[in-house]
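Enquirer: Below: sequence and its predicted model.
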Amino acid sequence: MGIWEIVGGALLIVISLLIVLFVSLQSDKSDGLSGAIAGGSDNAFGGRGNSNDEKLAKITKVLVIFFFILTLVVNIFVLVNNR
C-alpha cells in the first residue's frame, strides 16, 4: 500500500464525515406527502429561501463532487499499484 493510497483513504474518511455533518446541518425542505398534495412550499416561485441553507447545500455539492473524483483517483492508484 503506497503513501498516496493512505493519504487518499484518509481524505475520503474526512470528506465523508464532512458530508454527513453538512447534510445534517441543513434544515428539512420537504413537507412529506401532505406537503406534496397541499402545495407545501411557500417560496416555490422565486422566493428567497434561507441563505444559510443555500450555502450548506452548495458546500455539500462541492464535497460530494470532490469525494466522487477522489474515490476514482484512489481506485486508479490501487489498480496501478497492484499490477
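Expert: Everything's here; your move.

Enquirer: And residue 64, how far from residue 71?
Expert: Distance, residue 64 to residue 71, using C-beta to C-beta, to the nearest Å: 11 Å. Bear in mind the C-beta positions are built from the backbone N, C-alpha and C, glycine included.

Enquirer: Also residue 10?
Expert: 13 Å.

Enquirer: And residue 82, by the same measure?
Expert: From residue 82 over to residue 71 (counting by C-beta to C-beta), the distance is 17 Å.

Enquirer: go on, residue 22?
Expert: Using C-beta to C-beta, we find residue 22 at a distance of 18 Å from residue 71.

Enquirer: From residue 10, how far off is the residue nearest to residue 60 when sequence neighbours are not counted?
Expert: Spatial nearest neighbour of residue 60, chain neighbours left out: residue 22 (4.6 Å); criterion: C-beta to C-beta, 6 or more residues apart in numbering. Look at residue 22 and residue 10: by C-beta to C-beta, they are 19 Å apart.

Enquirer: So if I had to pick from the two, which one is more boxed in?
Expert: Remark: of residue 22 and residue 10, residue 22 carries more neighbours, 19 against 10, as counted by other C-beta atoms under 10 Å.

Enquirer: quick one: the host helix or strand of that one to chain centroid distance?
Expert: Residue 22 belongs to helix 3-25 when assigned by DSSP states H and E. Centroid separation between helix 3-25 and its chain, computed with C-alpha atoms, centre = their mean, to the nearest Å, is 10 Å.

Enquirer: Enumerate the positions of that helix that are buried.
Expert: Of all the residues in helix 3-25, those buried under the rule 16 or more other C-beta atoms under 10 Å are 8, 12, 15, 19, 22.

Enquirer: These into a markdown table, with extra columns for pLDDT?
Expert: Below are the buried residues of helix 3-25 laid out as a markdown table (pLDDT from 0 to 100):
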| residue | pLDDT |
| --- | --- |
| 8 | 89 |
| 12 | 94 |
| 15 | 96 |
| 19 | 94 |
| 22 | 92 |
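
Enquirer: With that, I have no additional questions.
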